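[1] Sequence first, predicted model second:
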Amino acid sequence: MSNTPPDYSQERSRKPKNLHIAHRRSPSELTTLMVEQYNLQRQLEAVQSQQKVLLQQQQQPLAQQVQPPEPYRSHSRTPSSSAPKLTSSLTNLHQTHVRRHSLGLTEAKKAAATQKQSNMASFGGGETSPVSPQLNLPDSIGGYRFPNSPDMSTRETSIANSSASTNAKPWAYGQQAFKFPPDAPNNLLPPAPSFGQPSPERGHQRRGSHYRSNSRNFEGSSNINSNWRSQQLPMGGASGHQRNQSNNNLSPPSVFVPGHKNRSSSLGGGNSSVSSLSNFMPQGNANNGNGRKSLFAPYLPQSSLPELISEGRLVTGILRVNKKNRSDAYVSTDGLLDADIFICGSKDRNRALEGDLVAVELLVVDEVWESKKEKEEKKRRKDNISTKSNVTSVLSDDIHNDATSILITEIDKSESESEGLGRRGSLKQRPTMKKNDDVEVEGQALLLVEEEEINDEVKPLYAGHVVAVVDRIPGQIFAGTLGLLRPAQAAQAANDKRSGKDPSVQTPKAPKIVWFKPTDKRVPLIAIPTEQAPRDFVDNHEKYADQLFIASIKRWPITSLHPFGTLVTRLGRIDDPAVEVDSILRDNNFLADEYPSDNELDDSYSSAFYDPLPDMNVELDNNHRTEFLTDYIISFTQNSQFVDHALHVKRLNDTKIELGFHCVDISFFIQPGTTLERKAKKRSLSVFLPQKVSHLYPSQLNKAISFKENEKNLAVSVIFEIDTSNFEIGNVDVKESVVVPKSTVTYDAVDSVLQKGSSEGLSSATSDYIKTFALIAKEFRRKRLQDRSLGIFPSLPLLDQLDDEKVKLHMNIFEESNALLVISEISCKVNSTIATKIYEKLGEASFLRRHALPTLQKIEAFVRKAGNLGIEVDTTSSASLQKSLLRVADPSKRQCVETLLYKCMPNPKYFIAKYHDREQYGHYYLNVPLYTHFTAPLRRYADLVVHRQLKSVICDQPRDSVPDVDSLKSISDYCNFKKDCAATAQEQAIHLLLSQTINEMSEHAGQLLVMGTVVQVYESSFDVIVPEFGIEKRVHGDQLPLIKAEFDKSQRVLELFWEKGVDSATYVPPDEKSSLSYRRSVKNKYRASALEAAKIQGSIISEEKTIAPESVLEKLAHLDITAPRFTSLSQKISGSDSNDVLEPYLKDCITRITDNNFIQEVRELTQIPILLRAEIGMSLPCLTVRALNPFA
């Protein structure tokens, strides 16, 4: 086999057939060969239908002796010995499954309404359910009139006349119709990595799904269904060449086989898992061609999806894996349904990954629920939790979640205690492995991740199973560790070795695969070919246990429980600070090698490495540009690394002022189709971490085109004429311009001016202008939220990060920045103005940004939780909802309810107007009807797209100059993916720095003693927010020295019955002494007593007013990060006259002694002393908490 990939230039020049799927652009185009095979597929379908008739005639005698074929039963992988093999039916793939019935969309909605009433009655204790909160989109704000799209009338006519239109009205059934994607000559697809050959843009070589290395066998199926998204038809044959594909083309072979032998496709002739969709599936055997049993159902062909979706038999949405129980998942349907679809188990998830766009068939919830209960019962028995066989109480005592609020009756208590359920009152005992898992899932995030509480009393509203993966973002990579055994087997082997037992797990001598365990627990184990591992890995795999690797998923056969993948590179040791940061970037799909490093180049922009920039001097003399040479323009920078926005304000007359917002004219410098643009598109946006910044553009380019003081700069300007009597905006002018900033001001300086009235180094004129900008921002905010009493403060800093990540970072995510509030409010007005401008001209081709309403189920849960905190919220609109929170005077209380609201909000998304109804255009949180991103062109690729669209509008360029809608759609999808990745990376990096800081601050005692505000109380645990660090953590009762716990659901009180004299700080639960406990892997095992910790901490705070040692302060100052403040804690300690060093922490605790029981009451919004620990030694550090025993 030749090492040189064949030349496809001629083949790529031939235009593929015009096919399209509406929801998301497929990352891999349909080539001519694939279209030819698509036509063959249609012919084969006709032949297969004839074969089916003949096969059914042959099997009629057998059919008379057995029951008709049934659809899925429960998830057993062993076929029933009594079940006949009916190869003619698509419904026999899982003969041992309990019969489950599919639902159409309308039927599912009716069933959900009934279930919702039942759920509300359960929450209300059987009383009448409360009125559901209202949710309204921001369609009219401040007299705003929605602009008419120039193509709207034509568009509506075409909708009415053509069922094949992208916007045809299957919204009666919920979703828009699919069409296969057309090809565009200048296709702006998401940048897929070039796997077939080394790329100068990447530091490693990666291969596509259909390109195999010389050491591996290659299946060159030319069938269109060899794509991972659809199943293989039984038509064998191989193309005569290899195809360079994006990483989402996971064509699943039957099993990993090293060597060069041919192998039949695992998808050949699979049987359907969907009884009602059997006519859409090819026929064949339940077993794979090589005799291996199919563990998953084959995907429905892509060609069948449009019809099924338009009929309401399938729905599509984005899959989200439940972090706390990864066997379950949810599918969000973008407003189609009032709740997410519950996906029970890995079989129903059917190989879909986090973030995939999937097609789902809705099922009867009760039938899915019974299946889940059976599986939970099996887990109970496996973990030796219970000897009961009564299934009905399983989900009321869910072992996966001790944060439930189910009221246990006295009968339940006596039964559970007598039967050995591990209960002590309402206190649950989680299995050891579940504890280990919770430590990582909860400990590696700043805020707790919550899914809807589901149990026998409160069931999900919708359930379903995945029948096809419609789209997957290409080129996803994951950080993790490599092992010779699966993690469970490795843990058992290590346990046997420590205990001196004979090994119960045999280590393979010559394994064909090794196991990659991703750091992200939502990603499944990945099987890696052994030849890709280090040469000595099999013999010395222990020495690689602390090494981080990068891998990608390549394929996932229906005959394998796990996907197969490719090892990309090795990063280094887990505890290396540089490796930790690099792994965060890589794990979130940001590579670090698009541009040469700064030490390879000098500060000037070099065309030797990048494309030459257009001549700015020629453009400065362009008569079409408006000059702002004499206005007092102030440019702003958040981190002093680039300057891309500026403001000016001047008085026009006694009642009117002019406000100007100026952006770097990025579209002038970055020309379409250049190497620089392609690299920027692949990175998509800048990533700002406390330890490192990964810029969208080379730092030399940022410096070259940033605004410079007292120099002419190219800009795009938005000029508002404002009436100062009522702050109504009159004329708005958008134009290309030349600006000369008189001063460049940092956000820190703006904060100083707004807090103190002045800032060192700023003139009085600059300070006065900044105060004027703050006044204008306040009026803009009042109009946006429709409340004349609001100021610019207080704010909701956590919710404000929904739409965009921070650039100037703080260790506490609740930290407010006055400068950011002012600039962001003005930017919001500018962005909504630009969105209106381009929509008026470009219509359905407009590149916009939307924020969907939270699902009704989530907002109802939020209203209920806020009510538990004594806070009434008005959900009539986004404005009324935010005002409800802003009226909460107590900052700690407001922080708690803001956290609850934040976790039920969806992420904002870029979108193309064509693919959504007008009612969905609005940005819910910002409360504006049209919105886009325009104001940060040096850190977001989406802004470059919008700038180009704006140029086509204001320069009256022909419509042909606007990129085609399908290309824009793929760009918007990829930008959404990278935006979510950037937000996750930033949170993980802040958490990493916070964990390292807490570890250093607690090195003398092993833990910190802080106060936590109780947010939610459950029957076995409670959640706290630690305001000094801006984190939310869960205190588990089974980690504390408790005799028992009792939960009063009606009063929302958890009573902890403590063991007197046992210190929580040094207490080790019995199961943590086991070799399977995670604490065997952590380094800092020393724990001082709570009394010693309080003494050490008290002496430091009284002297230094902070717990942070000098080394920590210097490290944070180098990163330009403010150290954590302990104002409230310092006040508690300094205000105490007691000699008892623990008294300041315990004085607010509610305790009592009754009948020799030492009881502490935990109520929501009370302050509880918390022991905070940083567990170092895992792939990501973990923060864990315990409650202090007030009776120790």
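    Great, that's in hand.

[2] any idea how far residue 905 is from residue 893?
    19 Å (C-beta to C-beta, to the nearest Å). Placement of C-beta: from N, CA and C, glycine included.

[3] Next: residue 1186.
    According to C-beta to C-beta, residue 1186 and residue 905 sit 30 Å apart.

[4] try residue 1097
    36 Å.

[5] Which one's more surrounded, the two?
    residue 1097 (24 against 18; other C-beta atoms under 10 Å).

[6] Phi and psi next, for that one.
    The phi/psi pair for residue 1097 (degrees, to the nearest 10) reads phi -70, psi -40.

[7] all helices of the stretch 951-1100 of the chain, in order?
    Under the criterion DSSP state H, counting those that start in this stretch, the stretch 951-1100 of the chain contains helices at 965-1001, 1090-1104.

[8] name the helices or strands packed onto the shortest one?
    Secondary structure elements in contact with helix 1090-1104, counted by 3 or more C-beta pairs under 8 Å, 6 or more residues apart in numbering; DSSP states H and E, are strand 1008-1017, helix 1127-1134.

[9] Give me the sheet partners of the longest one and which way each runs.
    When pairing is defined by DSSP bridges, strand 1008-1017 lines up against strand 1021-1026 (antiparallel), strand 1167-1175 (antiparallel).

[10] Go through stretch 613-621 and flag the buried ones.
    By 16 or more other C-beta atoms under 10 Å, the buried positions in stretch 613-621 come out as 613, 619.

[11] Average pLDDT for it, rounded please.
    Stretch 613-621 comes out with an average pLDDT of 90.

[12] how does the protein divide into domains?
    According to automatic domain parsing, the chain comprises the domains 477-573, 616-852+906-988, 1002-1187.

[13] Quick one: end-to-end length of the second one, please.
    Which is domain 616-852+906-988. Chord length of domain 616-852+906-988, first to last residue, is 40 Å (C-alpha to C-alpha, to the nearest Å).

[14] ditto for stretch 858-877
    Criterion C-alpha to C-alpha; first-to-last residue distance in stretch 858-877 is 15 Å.

[15] just to revisit the earlier point, for residue 596, which of the strands paired with strand 1008-1017 is the nearest?
    strand 1167-1175 (36.1 Å; C-beta to C-beta).

[16] ok but residue 112 is inside a helix, no?
    Yes - Residue 112 sits within a helix when classified using DSSP: H, G, I helix; E, B strand; the rest coil.

[17] what sits against it?
    Going by C-beta atoms under 8 Å, 6 or more residues apart in numbering, residue 112 touches 337, 338, 339, 365, 461, 462.

[18] Roughly how far does the fourth one sit from residue 454?
    According to C-beta to C-beta, residue 365 stands 10 Å off from residue 454.

[19] Any idea how many residues pack against residue 381?
    13.

[20] Flag every buried residue along the strand or helix carrying it.
    For residue 381, the host element (DSSP states H and E) is helix 365-382. Neighbour counts over helix 365-382 (16+ other C-beta under 10 Å) mark 365, 368, 369, 371, 372, 373, 375, 376, 377, 380 as buried.

[21] per-residue confidence at the fourth one?
    Per-residue confidence for residue 371 comes out at a pLDDT of 86.

[22] No further queries at this time; thank you.
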